[in-house]
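Q: Following is a predicted model, sequence given first.
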Amino acid sequence: MDNYLCVDTSSRYLTVIACKNGRTVKRFISDCALNHSVILMDEIDRAFDEAGLSPAGCDFFAAVTGPGSFTGIRIGISTIKGFGCALDKPCKGVTSFEMLSYNVNSDCNYVVAIDAAHSHYYVCGYAPDGREDISPRYLAEEELVALDRPIYGFEELALPRYTRLDVSECLERVAPTLKGREGGLAALYVRKSQAEEERAKRAGAS
């Protein structure tokens, strides 16, 4: 059995999972006010202590790579990369879409949606076998609803045909599968940050 640390800082919540010899310790804060940079390391220390695990004892480290909070995503990825680089251990990433989709059991095509504020959503579509059939995109609510598919997410969303999943349980279930995934850590932003969009507007107006 693999020993690992996995974190999700991609939204207002915080999830930290430490696993040693098949025993999983989960630390979850439902709303940390996007204060991940202050809280994360303390929660990692607590998870390690409860699991009887040390960073050196991990076989790999992993983080959720978004989409979501731009700052939160960077905090999670940089923290995990720090552990991996210091200890020469593999670092793996899983997108918020993949994490949720892994926990969906559907007999028809469906979408995973994450609130992007202002009646817009980050969206990705899947076939019943888990194969991605709609690439990640940024959609207005009416565009999401027009897809006419069951919708899954982890937030309280007033959307038709919507099912809310437990985000910490979703990460706990997918985490053991991450070591064997190809690739490393790469953020998934789907759209430009607000600062980038405003910079582009200023450049276009000049």
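A: Arrived safely. Residues are numbered from 1 along each chain as shown.

Q: Lowest-scoring secondary structure element of this structure by mean pLDDT?
A: In the chain, no helix or strand scores lower on mean pLDDT, DSSP states H and E than helix 194-205, which sits at a mean of 52.

Q: Tell me where the model's unsure across this protein.
A: Residue ranges of the chain with pLDDT under 70: 192-206.

Q: which residues does the spatially closest residue to residue 95 that is not a sequence neighbour contact?
A: Excluding its sequence neighbours, the residue lying closest to residue 95 (Cβ to Cβ, 6 or more residues apart in numbering) is residue 188, at 5.0 Å. Bear in mind the C-beta positions are built from the backbone N, C-alpha and C, glycine included. Applying Cβ atoms under 8 Å, 6 or more residues apart in numbering, we find residue 188 in contact with 65, 66, 67, 73, 95, 96, 97, 136.

Q: Please repeat the previous calculation with a cut-off of 7 Å.
A: Taking Cβ atoms under 7 Å, 6 or more residues apart in numbering as the criterion, residue 188 is in contact with 65, 66, 67, 95, 136.

Q: Now render those as JSON lines, adding secondary structure.
A: Listed next are the contacts of residue 188 as JSON lines, based on DSSP: H, G, I helix; E, B strand; the rest coil:
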{"residue": "65", "secondary structure": "coil"}
{"residue": "66", "secondary structure": "coil"}
{"residue": "67", "secondary structure": "coil"}
{"residue": "95", "secondary structure": "coil"}
{"residue": "136", "secondary structure": "strand"}
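
Q: how many neighbours does residue 161 have?
A: 13 (other Cβ atoms under 10 Å).

Q: and the gap between it and residue 33?
A: Between residue 161 and residue 33 the distance is 31 Å, computed by Cβ to Cβ, to the nearest Å.

Q: ok, now residue 170?
A: Applying Cβ to Cβ to residue 170 and residue 33 gives a distance of 22 Å.

Q: Then residue 24?
A: Taking Cβ to Cβ as the measure, residue 24 falls 26 Å from residue 33.

Q: Those two: who's more crowded?
A: Remark: of residue 24 and residue 33, residue 24 carries more neighbours, 15 against 9, as counted by other Cβ under 10 Å.

Q: what pairs with that one across the strands?
A: Taking DSSP bridges as the rule, residue 24 bridges to residue 19.

Q: Relative to residue 147, how far out is it?
A: Distance of residue 24 to residue 147, computed by Cβ to Cβ: 35 Å.

Q: got the residue ranges for the strands in the protein?
A: 4-8, 14-20, 23-29, 60-64, 91-94, 110-115, 120-126, 132-140, 151-153, 162-164 (DSSP state E).

Q: Output those in JSON lines, with distance to residue 43 appended to each entry.
A: Below are these laid out as JSON lines (distance: least, Cβ to Cβ, whole Å):
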{"stretch": "strand 4-8", "distance to residue 43": "8"}
{"stretch": "strand 14-20", "distance to residue 43": "5"}
{"stretch": "strand 23-29", "distance to residue 43": "5"}
{"stretch": "strand 60-64", "distance to residue 43": "13"}
{"stretch": "strand 91-94", "distance to residue 43": "19"}
{"stretch": "strand 110-115", "distance to residue 43": "22"}
{"stretch": "strand 120-126", "distance to residue 43": "25"}
{"stretch": "strand 132-140", "distance to residue 43": "28"}
{"stretch": "strand 151-153", "distance to residue 43": "23"}
{"stretch": "strand 162-164", "distance to residue 43": "23"}
